[in-house]
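[1] fold the following and give me the result.
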Amino acid sequence: MAEEIVYQPPHTHRAADGVGSSAGDLRARLEAFEREITGDGDAFGADDLGAVIATIYGAVHQLAFESYGDNTGELDAYAGNLQAMGTTQEHADDLPLIEINRVREMLG
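    As a prediction, the model looks like this:
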C-alpha cells in the first residue's frame, strides 16, 4: 500500500526557508572565494604569455562569477515563490470555512 502524500503550507514555508538559506550560503561562499583569489595578486607574471593567460582567466572568471550570481538570484526568486505558494494555500484552506460562517450568519 502506497503512503499518502500530505501537503501542508508549513512544508512549503520550510522548503522556502531552506532554498533561501542555500542561496545565502552560496552567495557567502562565492564572496569569500572572490576575496581569496583577489588577494592572491598577479599569479601569471608580467611576460606576454602571462598576459594572455591573465586575459583568458579574467574572461572565464567573469563568466563563472556572473553565472553563480545569476543562480543565487534565481534561488532567491524560487524561495520567494515558495513562500507565496504556501501563503496562497493557507488562504485557500481558510476560505471554505470563512464562506460557511458567512452563510451561517446569513441564515441566522
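
[2] ok, now how distant is P10 from H91?
    To H91, P10 is 14 Å away according to Cβ to Cβ, to the nearest Å. Where C-beta positions appear, they are placed from N, C-alpha and C, glycine not excepted.

[3] next one: stretch 70-81 to chain centre, how far?
    Offset of stretch 70-81 from its chain centre (Cα atoms, centre = their mean, to the nearest Å): 3 Å.

[4] got it, and stretch 5-12?
    Relative to its chain's centre, stretch 5-12 lies at 19 Å (Cα atoms, centre = their mean).

[5] with stretch 73-85 instead?
    Distance of stretch 73-85 from its chain centroid, counting by Cα atoms, centre = their mean, is 6 Å.

[6] name the residues that touch it?
    Residues outside stretch 73-85 that contact it (Cβ atoms under 8 Å, 6 or more residues apart in numbering) are 12-13, 15-17, 19-20, 22-23, 26.

[7] what subset of those residues is buried?
    12-13, 15-16, 19-20, 23 (16 or more other Cβ atoms under 10 Å).

[8] what ranges does the chain have for its helices?
    9-38, 48-107 (DSSP state H).

[9] nearest to A2, out of those helices?
    Judged by Cβ to Cβ, the one of these that comes nearest to A2 is helix 9-38, at 18.6 Å.

[10] list the helices and strands the closest one packs on?
    helix 48-107 (3 or more Cβ pairs under 8 Å, 6 or more residues apart in numbering; DSSP states H and E).
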